[in-house]
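> with the input below, show me the fold.
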Amino acid sequence: MKPYYITTPIYYVNSDLHLGHAYTTVLADVFTRFHRLLGREAFFLTGDDEHGQKVLEAAQRAGISPKELCDRMSVRFRDLWTRLNIDYSHYIRTTDPGHVTVVQAMLQRLHDGGHLYAADYEGQYCVPCERFYTEKDLVDGGCPECHRPVELLKERNWYFRMSAFQDWLVAHIEANPDFILPHTRRNEVLGFLRQPLRDLCISRNKERMSWGIELPFDTDYVCYVWVDALLNYVSGAGLGQDGERFQSLWPADAHLIGKDILTTHCVYWPTLLKALDIEAPKSFLIHGWWLAGEQKMSKSLGNVVQPLDLIDRVGVDAFRFFLIREMVPWNDSSFSAELLVKRVNTDLANDLGNLLSRVTNLAARHFDGNLPAATGATGGGALRQAAELLVEGMEQRLERMDLYGLLEQVFGLLRLGNQWMEQCAPWKLVKTEAEAAGHVLADMAELLRLCASLLHPVMPVLCTRMLERLGAEAPARDGLCWKERGVGRIVHGDPLVPRMDEEAFLASLAPPAESTTADAPVPAAPGKTGDSSSPVGEGLIAFGDFGKVKLVAARILAAQPVKGADRVLQLSVDCGEVQARTIVAGIAADHAPESLPGRMICVVANLEPAKIRGILSQGMLLAAKGPQGLALLDPGPVPPGTPIG
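The predicted structure follows:
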């Protein structure tokens with residue numbers, strides 16, 4: 001069988017990733033893990049988009065080269081995917097030499113095939129979206145996507161004869177009902193194609209925008225970023241570099257995208273592939289947006305939720321679970337911290353964690369963890385029957401890419417298990433009919449084993465711990481069925497998913513107040529919050545005062561001496577922002593400049609900038625003075641910008 005090949009869009013490196021990007025990538029990871037669980041080889045491609053005007057302008061604002069910005073942001077993106085336990089097969093960057101070679105080869109093929117021509121064009125251009133629009137496309141005079149102002153541009157460019165493939169694309173969509181999912185998006189694309197299809201501008205003049213892949217047949221131009229980006233799906237699969245791998249993977253089984261890039265993927269991409277004589281992908285899955293209030297979460301709009309803020313507070317698996325459980329892929333979903341708490345407490349702490357805790361506690365206390373066969377007789381066999389029906393329909397749900405529906409069924413099964421647990425009351429039954437109580441607990445343990453196996457692609461770490469407590473093996477294809485001997489020796493432990501305190505969680509997400517000289521903490525009065533006669537009690541401050549200090553992990557990028565100052569160094573540090581910060585620190589006596597680049601440090605990030613030795617210092621690092629001199633406090637292997645609290 002052909003390996004399952006799934007992709008995410010590649011993400012712009014002009015600024016940090018947000019909840020929407022995390023959702024798409026977690027979704028792809030979960031699909032990949034499900035297919036591997038079913039015994040199918042799977043290839044998962046993700047990466048970052050490093051060319052174009054937005055990237056160039058972000059680099060200019062940061063005062064660095066575009067490549068330096070790309071290198072910095074690419075590391076940060078991959079740090080986030082590592083934190084989210086994303087198990088991608090290949091990570092592509094559009095500045096990779098192999099990708100550049102493929103793009104130029106494909107452009108040359110299009111040119112040689114007569115699919116490109118040069119012409120003058122005048123139109124409304126949106127810089128953030130890097131797209132031309134006609135007057136009728138505009139909404140209130142602005143970009144129809146990001147609603148920002150557009151500018152009138154007139155220039156000579158190269159065009160792809162996309163209109164020549166309009167009839168073919170309509171016929172292909174109509175002949176393949178699942179080419180675009182959901183069908184509402186399919187109908188949207190077909191509606192778009194009822195109008196004459198314009199040809200696609202595939203170049204940008206170097207005089208205006210030079211950060212891109214040069215056209216091989218006209219060196220005055222670089223490739224339009226969207227053409228460059230779309231070709232990552234074939235270059236990342238090995239086209240032009242590893243022919244055997246490409247032949248085994250292509251066509252892609254699923255391109256996961258958000259609805260804002262529907263036209264580029266479902267119109268531009270198939271027509272480009274047709275012109276290149278490459279088979280179209282099998283399917284596009286177009287998911288909705290995560291909304292902040294009533295608006296789409298967007299880097300351009302600045303209304304984003306940062307994934308790291310949530311991962312650090314709820315845990316990776318709970319965060320992954322919330323994303324997959326909460327959004328029906330076809331619809332938009334509004335994010336709220338209250339909703340996250342409710343979902344974790346209801347599904348994970350109550351339905352799953354509480355049932356596991358009760359079963360393992362009773363099994364360990366009354367049966368020394370050794371239960372009889374799980375016959376499925378509990379509830380007259382209804383429990384086993386429901387489990388078998390769920391597994392029977394699982395692959396069909398995966399084919400429809402309906403993870404939301406699959407998880408709904410799993411938690412419906414868990415709720416059914418909780419109901420039967422209450423009805424059978426094995427904690428009472430064990431006092432009079434120990435054998436019957438053992439069979440009830442065995443059925444519940446088998447139900448939990450099966451649910452843990454089904455949930456493993458969503459929450460791999462948590463479900464592995466759950467299976468270990470149940471004495472079960474790692475999930476595998478032959479374990480996705482009811483087993484009478486499905487579990488070994490059971491052990492009891494602390495709650496798998498503790499209930500969240502909503503009030504404390506909401507308070508932890510509140511931004512710290514800005515620290516100023518006037519707001520500096522003052523020592524506590526003796527007898528109020530501490531004993532002033534004790535070194536521990538001296539100078540105590542209130543919790544609220546400490547909350548004003550914003551501590552983050554940072555990575556030193558460069559260090560150099562300060563002229564005329566023997567004790568201080570000028571550091572360039574990455575604090576998790578697009579632009580590096582300058583910090584002047586009195587550590588020269590203990591640390592040579594060449595020993596510092598790459599070191600992780602802790603930084604006070606919300607100090608008012610101050611001039612030190614004529615240099616504006618934008619923060620302060622933390623160090624401890626010991627017998628060997630100043631030791632820089634190291635937060636450990638976490639991404640720059642990670643809060644320290």
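
> what ranges do the strands span in the stretch 451-600 of the chain?
Using DSSP state E, counting those that start in this stretch, the strands of the stretch 451-600 of the chain run over 551-562, 565-574, 581-585, 600-604.

> tell me the buried residues in the first one?
Judged by neighbour count (16 or more other C-beta atoms under 10 Å), strand 551-562 contains these buried residues: 551-557, 559, 562. The way it works is simple: take the backbone N, C-alpha and C, and place the C-beta from them, glycine included.

> re the thing from before, do you know which of the strands of the stretch 451-600 of the chain lies nearest residue 400?
strand 551-562 (41.5 Å; C-beta to C-beta).

> report the rounded mean pLDDT for the closest one.
For strand 551-562, mean pLDDT rounds to 82.

> sorry, back to before: make a markdown table from the strands of the stretch 451-600 of the chain and add distance to residue 94 to it.
As requested, the strands of the stretch 451-600 of the chain are exported to a markdown table (distance: least, C-beta to C-beta, whole Å):
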| stretch | distance to residue 94 |
| --- | --- |
| strand 551-562 | 23 |
| strand 565-574 | 22 |
| strand 581-585 | 27 |
| strand 600-604 | 28 |
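
> quick one: low-confidence residue ranges for the stretch 301-450 of the chain.
301-304 (pLDDT under 70).

> in it, which spans are helices?
307-314, 316-326, 337-343, 355-367, 382-399, 403-424, 426-432, 434-455 (DSSP state H, counting those that start in this stretch).

> so which of the strands of the stretch 451-600 of the chain gets nearest residue 289?
Per C-beta to C-beta, nearest to residue 289 of the strands of the stretch 451-600 of the chain: strand 551-562, 28.6 Å.

> if you compare the directions of that closest one and strand 600-604, what angle comes out?
100 degrees (axes from the mean of the first three to the mean of the last three C-alpha atoms, to 10 degrees).

> quick check: residue 421 touching residue 356?
No - contact status for residue 421 versus residue 356: not in contact, 11.0 Å apart, counting by C-beta atoms under 8 Å.

> higher neighbour count, these two?
residue 356 (26 against 22; other C-beta atoms under 10 Å).

> residues contacting that one?
Counting by C-beta atoms under 8 Å, 6 or more residues apart in numbering, residue 356 touches 448, 466, 469-470, 496.

> most centrally placed residue in this protein?
Closest to where the C-alpha atoms of the chain average out (C-alpha atoms, centre = their mean) is residue 22, at 2.1 Å.

> what about the residue nearest to that one when sequence neighbours are not counted, distance to residue 119?
In this structure, residue 22 finds its nearest non-sequential neighbour in residue 307, 4.3 Å apart by C-beta to C-beta, 6 or more residues apart in numbering. From residue 307 across to residue 119, the span is 43 Å (C-beta to C-beta, to the nearest Å).

> got it, and residue 471?
70 Å.

> hang on, the earlier thing: just curious, which of the contacts of residue 356 is nearest to residue 286?
Nearest member of the contacts of residue 356 to residue 286, counting by C-beta to C-beta, is residue 466, at 33.1 Å.

> show the pLDDT at residue 627.
52.

> lowest pLDDT pick from the contacts of residue 356?
residue 496 (90).

> how many neighbours does the closest residue to that residue other than its chain neighbours have?
Nearest residue to residue 496, sequence neighbours excluded (C-beta to C-beta, 6+ apart): residue 353, at 4.5 Å. Neighbours of residue 353 under the rule other C-beta under 10 Å: 20.

> so residue 52 sits against residue 130, correct?
Yes - assessed by C-beta under 8 Å, residue 52 is found in contact with residue 130 at 5.3 Å.

> show me what contacts the residue nearest to residue 22?
Applying C-beta under 8 Å, 6+ apart to residue 307 gives the contacts 17-19, 21-22, 80, 83-84, 319.

> picking that back up, now, the contacts of residue 356 that are in helices?
448, 466, 469 (DSSP state H).

> closest to residue 380 out of the residues you listed?
For the ones in helices among the contacts of residue 356, the nearest to residue 380 is residue 448 (19.7 Å; C-beta to C-beta).

> I'd like the buried residues of strand 551-562 as a markdown table, with distance to residue 232 appended.
Shown next, in a markdown table, are the buried residues of strand 551-562 (distance: C-beta to C-beta, whole Å):
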| residue | distance to residue 232 |
| --- | --- |
| 551 | 37 |
| 552 | 32 |
| 553 | 30 |
| 554 | 31 |
| 555 | 27 |
| 556 | 32 |
| 557 | 28 |
| 559 | 36 |
| 562 | 43 |
